[in-house]
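Asker: I'll drop the sequence and a predicted model, then ask my questions.
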Amino acid sequence: MAEETLSQITIEDFAKVQMRVGQILEAEKIEGSRKLIKLKVDIGTEVRQIVAGIAEAYEPAALLNRKIVLVANLKPATLMGVESNGMIVAASVDGKPVLATFAEDVPNGALLR
């Protein structure tokens, strides 16, 4: 793998990104899309609707109750007519998403630092 050039940010820049633990309560493919799944995610203080481009790697049923990392303070976006209120954090391995998850039990809504 070629070395990527990283743009460095300050600790203050990083502090602006609010990442939280979320638990997937519902998941369904978005009609008319090969890649998008609509998720309902419990982030401790509320349940958020998130649209994620992970359908080619994950079946909706396999996502239920998984604990994931999401960016909670991202401005809402509309994808295929469905509003998304956050972004799931995933690695890209051979062009496929791999969700960031936890080995230990972590409470919904816990802040990542």
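Answerer: That came through fine.

Asker: what bridges to the residue nearest the centre of the chain?
Answerer: Residue closest to the average C-alpha location in the chain (Cα atoms, centre = their mean): residue 88, at 0.9 Å. Following DSSP bridges, residue 88 is listed with bridge partners residue 70.

Asker: can you give me the strands in the protein?
Answerer: Under the criterion DSSP state E, the chain contains strands at 19-29, 37-42, 47-52, 67-71, 77-79, 82-84, 87-88, 90-93, 96-99, 111-112.

Asker: in JSON lines: those strands, plus mean pLDDT and distance to residue 5.
Answerer: To be clear about C-beta, it is placed using only N, CA and C from the backbone, and glycine gets the same treatment. Shown next, in JSON lines, are the strands of the chain (pLDDT from 0 to 100; distance: least, Cβ to Cβ, whole Å):
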{"stretch": "strand 19-29", "mean pLDDT": "98", "distance to residue 5": "23"}
{"stretch": "strand 37-42", "mean pLDDT": "98", "distance to residue 5": "31"}
{"stretch": "strand 47-52", "mean pLDDT": "98", "distance to residue 5": "27"}
{"stretch": "strand 67-71", "mean pLDDT": "97", "distance to residue 5": "23"}
{"stretch": "strand 77-79", "mean pLDDT": "96", "distance to residue 5": "27"}
{"stretch": "strand 82-84", "mean pLDDT": "97", "distance to residue 5": "29"}
{"stretch": "strand 87-88", "mean pLDDT": "97", "distance to residue 5": "23"}
{"stretch": "strand 90-93", "mean pLDDT": "95", "distance to residue 5": "17"}
{"stretch": "strand 96-99", "mean pLDDT": "95", "distance to residue 5": "23"}
{"stretch": "strand 111-112", "mean pLDDT": "94", "distance to residue 5": "25"}
